Every structure is written in C-alpha cells, then in structure tokens.
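> Need coordinates for the below:
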Amino acid sequence: MAAASGPSVRQQFADTMLAVGQEDPSLVVVVGDISHGIMQAFAQACPGRYYNAGILEPTMMSMCAGLARSGLNPVVHTIAPFLIDRSFEQIKLDFCYHKLHGNIVTVGSAFDYSNLGVTHHCYGDFAMLKTLPDIEITYPASLVEFDALFRQAYNNKSVTYYRIPGRIHGVDFKASDIKLGKGIKVADGKDVTLIATGPQLNTALQAREKLANAGKDAEVLYIHTIRPLDEELVRASVLKTRKVVVIEEHMRSGGLGDDVLRAVQGISDLKFQSVAIPDKFITAYGSYDELLGVAGITVEAVVSGAL
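Predicted structure coming up:
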C-alpha cells in the first residue's frame, strides 16, 4: 500500500479549487470547519467565495443548494460520514428533487479516520447515493484523477460526489487517461479480471504479481467513476476471463461489486468474488491497514478469490 505521507489528493483538491476558482468566478467553496490551512490561497485569491459554515452539515448542504439555484457552482466539503450520512435528506430534497447541480467533496473515506471508531467510518456512501437519481459518484485516488474529474464535471449540471481517500494508489496516469464514466485497463490478462477502485488498485496489482507466480494471468481494471459505470469495459473483460474479483473499500451491499454483477448478468459459467467490507460495523480500532485486515481486504484475499 502506498505510504500516507507525500502528495495527497486533499492538497490537490485545494490546488484545483485555486486554479479553477481563478478561471471561473462562479465557483464557491463551503467547508465544514476543515481544510482551512490548505484553502487559504483560494480564500485570498477568490474573496467572497469561501465560507466556513462550521459543524452544521445539513445547513451547509442547503446553503449550497441555494447557491446552485442562483446560478453559481457550489463545492461543499467536509468529512464523509458527516456530510453524506448526516446530510442525506438535504442532498435528496434540496439538490436532487429540485434537479440542481453541485459538487460534494469529502475526506475520510472508509477507514481513513481508523483510530476514531465507527462514528468516523464511511463505507456505505456509494449505496446511499445510488438511491438518488442522476448523481455522479467518483473515487479519485491520485492527484491527476481528482483534477481531471473535477474539471470535467464541476459545472455539468449534475450533483457529483468526489470521495477523496487518504492514500493514493501509486499508479501514474496521464490527465488524458482520465474520463468521467470511463474505466482504465491497467494490465491485460486472460484468466481472471481484477476490478479495483480507490487505493485498492495497489492491492490488485500486488495480487496480479502473486497470481503470475501461480501461473494465472490477471487482467486489472481500474474504476474511478462508480456511477456511471463503464459497463462496456467491464463486460468485455469478463466475457474473456469468465472470472472476476472486485476489490473496494465499501460494504459489499450496494458497492461497486453489485454494479459489476449487473453489468455482467447473462454471462455463462461466471465466477464472482467480492473483496470488500462485510455488511456489519467494524468496531476495531487501529491503523488504516489494520482495519483493512480486520475487514478482510488483503492481497491474500484477492489471490484466494482469483484462484
């Protein structure tokens, strides 16, 4: 797994806000008492377009819906479980019911705040948001992905969710590789398809090496856009291999694995495995890596599922 230190997608968020904010006077950022240090450049360069709403997540979501209604392009940003779980009604009614556009940028995906317990875990967000019409869901786990996806989607008249992880996957993509709604084939193979999202691309690539030592040729797909899913890429790969393992930092129910199953329905002799968070609370405390181990998201689990 890539180290937690070094360049972060969270810093790239701030850098992208600064760049886009200077280009587009309609961009407004509302935060929930976080990221003030890294957002000062934006606040100074774009006066009157940076607001701290404090720890009032439903209120700040409604504020951003009002900004969208007035024709601006709002960005609402804070910790994932507080913004998605706590503000779900406002996303549903203030944004989606009224067909407004906006951008939800979170930190603290899955186990990024592992030492703070279940209150700070977020591993059901994809499932919740998929119950709402027309929401785009992205999981950019590298700097270039966030910048490219945000620029493509921030003013496209939809609600777009950017789940920012604390870890990066360590694969160098070019900006031209990143297209909203399109997955990336990272490695060719013929025996099994490994489909990963977020930092778990690193796990998939480690598993591919171990599978090669066992005589298995694994194809690796990377999905940075959960919705809309690149079903064409997924189906073409699984039609070839007839075996798929999905690796994700989300509960099994409602995650990427469920979407993949729908995309490949009707394929005969299909073998499917999900390496994801079990449908239960993870009550352990520890590091990010330790909680992934508790949840069973490991290289060994991927290899076992692929054999």
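> downstream neighbour of the longest strand anywhere in the chain in the secondary structure list?
Identified as the longest strand of the chain according to DSSP state E is strand 243-251. Next in sequence after strand 243-251, counting helices and strands by DSSP states H and E, comes helix 256-263.
> outside of that following helix, which residues touch it?
126, 195, 197, 223, 226-227, 229, 231, 234-235, 238, 244, 246, 248, 250, 252, 272, 274, 276 (Cβ atoms under 8 Å, 6 or more residues apart in numbering). (Glycine included, C-beta is placed from N, CA and C.)
> before we move on, could you check phi and psi at residue 158?
phi -120, psi 170 (degrees, to the nearest 10).
> how close does it get to residue 36?
28 Å (Cβ to Cβ, to the nearest Å).
> What subset of the contacts of helix 256-263 is buried?
126, 195, 197, 223, 226-227, 229, 234-235, 238, 244, 246, 248, 250, 252, 272, 274, 276 (16 or more other Cβ atoms under 10 Å).
> got the CA coordinates for stretch 73-88 in CSV?
Output of stretch 73-88 as CSV, limited to C-alpha atoms (Å, rounded to 0.1, in the frame of the first residue of the first chain):
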residue,chain,number,x,y,z
ASN,A,73,-21.2,26.3,-9.0
PRO,A,74,-21.0,25.3,-5.3
VAL,A,75,-18.5,22.9,-3.7
VAL,A,76,-19.4,21.6,-0.3
HIS,A,77,-16.5,19.9,1.7
THR,A,78,-16.1,18.1,5.0
ILE,A,79,-15.6,14.7,6.5
ALA,A,80,-17.5,11.9,4.6
PRO,A,81,-19.8,10.3,7.3
PHE,A,82,-20.9,13.7,8.5
LEU,A,83,-21.6,15.1,5.0
ILE,A,84,-23.2,12.0,3.4
ASP,A,85,-24.9,10.3,6.3
ARG,A,86,-26.0,13.4,8.2
SER,A,87,-26.9,15.5,5.2
PHE,A,88,-28.6,12.8,3.1
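> buried residues in that stretch?
For stretch 73-88, by 16+ other Cβ under 10 Å, it's 73-84, 86-88.
> Tell me which of the residues you listed fall in strands.
73-79.
> nearest to residue 294, of those residues?
Minimum distance to residue 294 across these is 21.0 Å, recorded for residue 79 (Cβ to Cβ).
> C-terminal to the helix or strand where residue 128 lies, what's the next element?
If you go by DSSP H and E, residue 128 is part of helix 125-129. Using DSSP H and E, the helix or strand that follows helix 125-129 in sequence is strand 135-138.
> which residues sit against that next one?
Under Cβ under 8 Å, 6+ apart, the answer for strand 135-138 is 91, 96, 126, 129-130, 145, 149, 153, 158-163, 180-181, 224-228.
> go with 6 Å
126, 129, 149, 158-162, 224-227 (Cβ atoms under 6 Å, 6 or more residues apart in numbering).
> Now residue 74. Nearest residue, chain neighbours left out?
residue 64 (3.7 Å; Cβ to Cβ, 6 or more residues apart in numbering).
> Could you check how far that neighbour is from residue 173?
Residue 64 sits 29 Å away from residue 173, going by Cβ to Cβ.
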